[in-house]
Each structure stands twice: as structure tokens, then as C-alpha cells.
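1. Okay, sequence plus prediction incoming.
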Amino acid sequence: MSNETFENLISKAGAAWSRVTHRSCIAAQASSSDVQAYTDETVANAAGFAAFNDAFMRQDVDGIMDAMTDDPIFDAPNPMPDGTCFKGSLFVRAAWMLVFAYGVKFEIEESFVTGDRGVLRWMASREVDGKTISVRGADVFHLKNGKVAAKLTYSKAESFLGIPMPF
């Protein structure tokens with residue numbers, strides 16, 4: 001596949017090509033093997049995924065909820081081993097409010113969307129007793145009609161930055 005053809009495909013993908021990389025042990029580089037057939041569904045879901053992540057990075061709970069379906073699911077990583085599953089707008093909203101009340105900051109390391117799925121790798125951190133603690137993780141998103149239907153979180157820690165769960 002020539003570079004010109006690859007560039008044309010990426011251009012056509014528009015918002016669906018939503019891969020970003022920050023500090024990470026794995027550099028995410030686009031190659032011709034990464035190109036997929038982007039459907040209207042993928043483009044709409046990528047836009048909703050981007051709106052969710054934008055609101056999340058601003059800690060805008062109303063914006064987050066606007067980017068989710070009316071019956072969202074958030075599968076939190078703790079307590080071990082199975083986590084806590086929050087279902088419905090009221091409970092999912094409460095979970096976001098708790099996370100942000102503890103001053104957790106997120107950094108996106110990589111993300112992408114294809115069809116009705118999105119994946120996001122992140123690093124979260126917060127200050128505890130004057131020291132910064134952090135944890136890495138990943139989310140698998142289920143997307144529906146341009147909105148986030150479910151966010152399934154997996155982390156590399158036994159507890160999520162000392163935040164008590166379940167609540």
C-alpha cells in the first residue's frame with residue numbers, strides 16, 4: 001500500500017482515527033496495518049467517545065453524563081477481585097463525583113475507536129500527604145449511537161489511589 005493511499009484512508013476516517021500517545025512504554029504509531037474500514041457508526045461513536053473523554057479530562061460530570069446513554073454502566077476496578085458495577089445515571093454520576101472529589105487527575109496515554117468499541121489507556125494520580133501517587137490502567141468502552149453505554153475499567157493496583165469503594 002502506498003503512502004498516498006494510506007494518507008487518503010486516514011483522511012477519510014476523520015474523527016474515527018482518534019489515536020493519541022503521551023508518555024508510555026509503547027509508542028503508538030499509525031501504519032497501513034492499522035487502517036480499518038470506518039463506518040458511519042464508528043465515526044459517530046468516535047465523536048461521542050471524544051466528547052466523553054474531553055468532559056472527563058475537565059472533570060465536568062454534566063458533560064460526562066451528556067456523553068453517556070440514558071442507562072449507563074461503569075464497572076469500577078475495586079474492590080478486588082471483581083470491582084464494583086454501577087448501573088444507571090444516578091449511580092454512575094455519583095461514582096464520577098466521588099473520583100473527582102478525591103482530586104484524581106487523569107492523563108490519556110492512548111485511545112482508539114472501532115465500531116462499537118473504544119479503548120483508552122491512562123495514568124491517574126493524586127496528592128496524598130504531600131506525595132503524588134499514581135496508577136496505570138485501561139478502559140474498554142461499549143459505544144451505542146454516538147454515546148458511551150458502558151465503561152469497564154481495569155487498573156494495575158490493588159486499590160484505586162486510596163479511594164474507598166464500594167460506596
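-> Thanks, I have the structure now.
2. When you work out contacts or count neighbours from here on, use the C-alpha atoms and nothing else.
-> Will do.
3. pLDDT below threshold where in the chain?
-> For the chain, the stretches flagged by pLDDT under 70 are 1-38, 158-167.
4. now the strands: where do they sit in this protein?
-> For the chain, applying DSSP state E gives strands covering 68-76, 84-87, 105-114, 117-128, 131-144, 147-155.
5. Next, format those as JSON lines and append distance to Ala55 and mean neighbour count.
-> Converted to JSON lines, those look like this (distance: least, C-alpha to C-alpha, whole Å; neighbours: other C-alpha atoms under 10 Å):
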{"stretch": "strand 68-76", "distance to Ala55": "11", "mean neighbour count": "20"}
{"stretch": "strand 84-87", "distance to Ala55": "19", "mean neighbour count": "17"}
{"stretch": "strand 105-114", "distance to Ala55": "12", "mean neighbour count": "19"}
{"stretch": "strand 117-128", "distance to Ala55": "14", "mean neighbour count": "18"}
{"stretch": "strand 131-144", "distance to Ala55": "15", "mean neighbour count": "18"}
{"stretch": "strand 147-155", "distance to Ala55": "12", "mean neighbour count": "22"}
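6. TSV for those, including distance to Val43?
-> Output for the strands of the chain, formatted as TSV (distance: least, C-alpha to C-alpha, whole Å):
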stretch	distance to Val43
strand 68-76	16
strand 84-87	26
strand 105-114	8
strand 117-128	11
strand 131-144	11
strand 147-155	11
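7. Wait, Phe86 touches Ala94, no?
-> No - in terms of C-alpha atoms under 8 Å, Phe86 does not count as a neighbour of Ala94; the distance is 9.1 Å.
8. Who are the contact partners of Ile73?
-> For Ile73, the residues meeting the contact criterion (C-alpha atoms under 8 Å, 6 or more residues apart in numbering) are 85-88, 92, 149-151.
9. hey, which helix is longest across this protein?
-> The residue-count maximum for a helix in the chain (DSSP state H) belongs to helix 40-58.
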